[in-house]
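S.K.: Build me a model:
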Amino acid sequence: MSGERLRSILVVGVLAAFLVTSVPAIGGTKGAGGEVGVQAAYFPVDMYEPDDTFEDAYVYDPAVDGNTFWSLRTFHGANNEEDDEYDIVAISVEETDTPIWIETMHVAGFYDTYITIYDEDENQLETFDDNDFFDSTYSESAYFLAPEPGLYYVEVYNLSGYPFAYELYITVGNARRVWGDNRFATAAEVSRLQWDNTGNPYYGSGYGPQHIVIANGINPADALAGGALAAQLEGVLLLTHRDRLPWETYEEIWRVSESLYWDYDEVTVHVLGGEAAVSESVFEELQDIRHVTQAYRHAGPDRYATAVAIADALVDEAGIGATAYVVNGNAWADALAVAPVASWDYAPVLMTATNAVPQVTLDWLDENGITDVVIVGGESVVSQAVFDELDALYDVERVAGANRYDTAKEIALYGVDNLGMDGALATLVSGDSFADALSAAPISWWTGAPVLLTPKNSLHVAVAEYFDESGEIGTTSGDGIGCYVLGGPAAISEAVYEAFRDHWMVLLP
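M.R.: Model prediction:
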């Protein structure tokens with residue numbers, strides 16, 4: 001049984017057990033994400049209790065336990081004798097300037113926390129309150145460089161004073177993996193990372209994304225332009241089968257829109273592609289979800305026209321600037337890498353054939369006040385003839401590398417150099433498979449971390465080159481947070497994840 005599946009079973013089990021007075025202790029290491037939604041007044045003890053003092057703290061040793069630690073934790077309220085206001089974990093550090101990245105995420109209850117770091121003499125070093133990436137959430141993130149080897153304490157404080165359950169992640173290194181058992185679950189986990197508090201009664205109603213983009217998770221043709229739409233609408237992108245809505249997607253739509261529902265706010269679902277991509281029965285099922293107030297289908301007779309329909313929706317919902325990004329309609333890697341960059345530029349992603357620009361694309365550019373066009377990809381995917389055709393009408397530039405990995409690096413650097421994206425960060429996805437990259441645009445837009453690609457079994461040299469060329473290698477981001485890797489070991493191997501997570505070590509003397 002996979003670690004993620006075991007972890008999901010544990011989370012579901014403890015949520016079901018919140019209504020009883022005695023349950024088995026649970027917890028674990030590693031993992032990402034999980035389902036939420038059950039609220040209850042009583043929370044069982046977790047496997048690390050008592051852990052409310054420096055003396056009782058669980059000591060996490062990366063050399064023994066691995067560089068990623070996960071545990072499900074519970075508070076019982078500030079006045080409950082079984083637990084006080086704090087959870088404390090000790091971390092053993094062996095190298096000066098070791099990065100320690102801590103995140104807490106809501107599971108259930110009246111959740112609010114902050115994080116404080118102490119040295120081994122119990123001197124307070126730094127306090128973090130509210131997630132630096134997702135500033136509308138009560139989740140916390142803390143990024144800390146250990147000034148010397150030794151023991152450090154992470155204290156999670158129950159700011160709400162009420163009972164709640166939460167997940168605690170600790171990563172020794174610069175990257176945390178976010179994934180589920182399949183592509184649909186991974187997209188849901190990315191959504192939850194952005195909006196974990198939507199079932200939190202302490203937060204109140206009226207919180208969550210008002211736009212949910214749905215794409216076919218098996219065939220990316222109609223989804224390639226959708227990432228820019230989801231990101232610029234501050235929404236999420238979830239995946240479906242053509243003829244069946246996966247339960248992971250259904251449950252995430254329900255969860256992520258729960259708070260908005262109770263505030264009588266609108267929740268709009270945007271379905272990408274015609275019935276060949278998402279059947280009418282799935283569209284109707286989406287419409288019938290209680291929390292959804294309206295659903296629209298953005299589609300054309302082919303992928304080029306569908307990209308134009310998505311661009312029209314972007315104009316209607318958010319507005320755009322004077323720039324458009326153009327990719328080959330069959331080059332999924334280029335399209336997914338450019339989506340967050342286009343979002344930072346308030347721009348759509350349109351499509352072309354290799355040797356000629358479809359008329360539907362030309363018409364849209366002409367009718368929407370575009371003055372600048374950025375072509376993504378080399379001449380093998382977007383020919384010089386296409387460049388010349390567009391250059392006669394617009395101010396055109398090409399951003400490209402020798403292959404998809406180099407092109408992703410170049411477009412990432414374009415986002416850093418021209419749009420203010422964060423050169424100390426990257427969002428890493430597989431360059432072999434599109435599945436987990438489809439949902440990357442919204443999270444990359446939120447964090448300012450451009451998308452980079454890598455093969456499954458070896459970290460591509462373009463990834464290290466990106467950090468070298470961004471001029472920010474060895475720095476923390478403006479918010480002092482690390483990077484996310486999207487997808488499980490089947491998409492990006494554990495060795496590649498570890499190499500990316502530990503890239504900071506190249507700075508050691």
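S.K.: Relative to residue 183, how far out is residue 494?
M.R.: 19 Å (CB to CB, to the nearest Å). (C-beta placed from N, C-alpha, C; glycine too.)
S.K.: likewise residue 414?
M.R.: The value you get for residue 414 to residue 183, if CB to CB is used, is 28 Å.
S.K.: So the two - more neighbours on which side?
M.R.: residue 183 (25 against 21; other CB atoms under 10 Å).
S.K.: Quick check, the more buried one in contact with residue 435.
M.R.: Yes. Contact criterion CB atoms under 8 Å: residue 183 and residue 435 qualify, at 3.8 Å.
S.K.: So for those two, which residues contact both of them?
M.R.: 217, 239 (CB atoms under 8 Å, 6 or more residues apart in numbering).
S.K.: ok, residue 175 - how many residues close by?
M.R.: By the measure other CB under 10 Å, the count of residues near residue 175 is 26.
S.K.: One more: the one 4 residues further on?
M.R.: Counted with other CB under 10 Å, residues neighbouring residue 179 total 25.
S.K.: do residue 369 as well
M.R.: Other residues close to residue 369 by other CB under 10 Å number 11.
S.K.: what about the nearest residue in space to it that is not next to it in sequence, neighbour count?
M.R.: Spatial nearest neighbour of residue 369, chain neighbours left out: residue 322 (6.1 Å); criterion: CB to CB, 6 or more residues apart in numbering. The number of residues packed near residue 322 is 14, by other CB under 10 Å.
S.K.: go on, residue 493?
M.R.: Residue 493 has 18 nearby residues by other CB under 10 Å.
S.K.: so what's it up against?
M.R.: Contacts of residue 493 by CB under 8 Å, 6+ apart are 456-457.
S.K.: Could you count how many residues lie near residue 294?
M.R.: Neighbour tally, residue 294, other CB under 10 Å: 10.
S.K.: and the residue nearest to residue 369, what does it touch?
M.R.: Going by CB under 8 Å, 6+ apart, residue 322 touches 369-372.
S.K.: Repeat that for residue 256.
M.R.: Applying CB under 8 Å, 6+ apart, the residues near residue 256 are 191-192, 195, 198, 208-209, 212, 236.
S.K.: can you tell me how far it sits from residue 137?
M.R.: 12 Å.
S.K.: list residues touching both of these two?
M.R.: Joint contacts of residue 256 and residue 137 (CB under 8 Å, 6+ apart) are residue 195.
S.K.: so what pLDDT did the closest residue to residue 495 other than its chain neighbours get?
M.R.: What sits nearest to residue 495 in space, not counting adjacent residues and going by CB to CB, 6+ apart, is residue 457, at 7.2 Å. Here the pLDDT value assigned to residue 457 is 97.
S.K.: Backbone dihedrals for residue 457, please?
M.R.: phi -110, psi 0 (degrees, to the nearest 10).
S.K.: how far away is it from residue 143?
M.R.: From residue 457 to residue 143 the distance is 29 Å (CB to CB).
S.K.: quick one, which of these two is more surrounded?
M.R.: residue 143 (20 against 10).
S.K.: Could you say which helix or strand holds the more buried one?
M.R.: Under the criterion of DSSP states H and E, residue 143 resides in strand 140-145.
S.K.: Repeat that for residue 484.
M.R.: Judged by DSSP H and E, residue 484 forms part of strand 483-486.
S.K.: helix or strand right after that strand?
M.R.: Using DSSP H and E, the first helix or strand after strand 483-486 is helix 494-501.
S.K.: What separation is there between the closest residue in space to residue 378 that isn't next to it in sequence and residue 406?
M.R.: By the measure of CB to CB, 6+ apart, the closest residue to residue 378 outside its immediate chain neighbours is residue 400, 4.1 Å from it. Separation of residue 400 from residue 406 (CB to CB) stands at 8 Å.
S.K.: just residue 196 next, same as before
M.R.: 35 Å.
S.K.: which one of the two has more residues nearby?
M.R.: Taking other CB under 10 Å, residue 196 and residue 406 do not tie; residue 196 has more neighbours (27 against 18).
S.K.: Contact partners for that one?
M.R.: 36, 105-106, 137, 139.
S.K.: now do residue 368
M.R.: Taking CB under 8 Å, 6+ apart as the test, what residue 368 contacts is 311, 315, 320, 324.
S.K.: if you set the cut-off to 6 Å instead, what comes out?
M.R.: Contacts for residue 368 (CB atoms under 6 Å, 6 or more residues apart in numbering) come out as none.
S.K.: Need phi/psi at it.
M.R.: phi -120, psi 20.
S.K.: Wait, residue 175 touches residue 501, no?
M.R.: Yes. Counting by CB atoms under 6 Å, residue 501 is a contact partner of residue 175 at 4.1 Å.
S.K.: May I ask which helix or strand encompasses residue 114?
M.R.: strand 113-118.
S.K.: Could you tell me which strands sit next to the following helix or strand past that strand in the sheet, and their orientation?
M.R.: Sequence order places strand 124-128 as the next helix or strand after strand 113-118, per DSSP H and E. With DSSP bridges as the test, strand 124-128 is paired with strand 113-118 (antiparallel).
S.K.: what angle separates the partner strand from strand 140-145?
M.R.: 20 degrees (axes from the mean of the first three to the mean of the last three CA atoms, to 10 degrees).
S.K.: hmm, who's touching strand 113-118?
M.R.: 102, 104, 124-129, 140, 142, 144, 153, 155-157, 159.
S.K.: Out of those, which end up buried?
M.R.: Among the contacts of strand 113-118, those classed as buried by 16 or more other CB atoms under 10 Å are 102, 104, 128, 140, 142, 144, 153, 155-157, 159.
S.K.: Identify the farthest-apart pair in the residues you listed.
M.R.: 144 and 159 (19.3 Å; CB to CB).
S.K.: Going by residue numbers, what spans are helices in the stretch 51-200 of the chain?
M.R.: Applying DSSP state H, counting those that start in this stretch to the stretch 51-200 of the chain gives helices spanning 62-65, 183-194.
S.K.: Brilliant, that's me finished.
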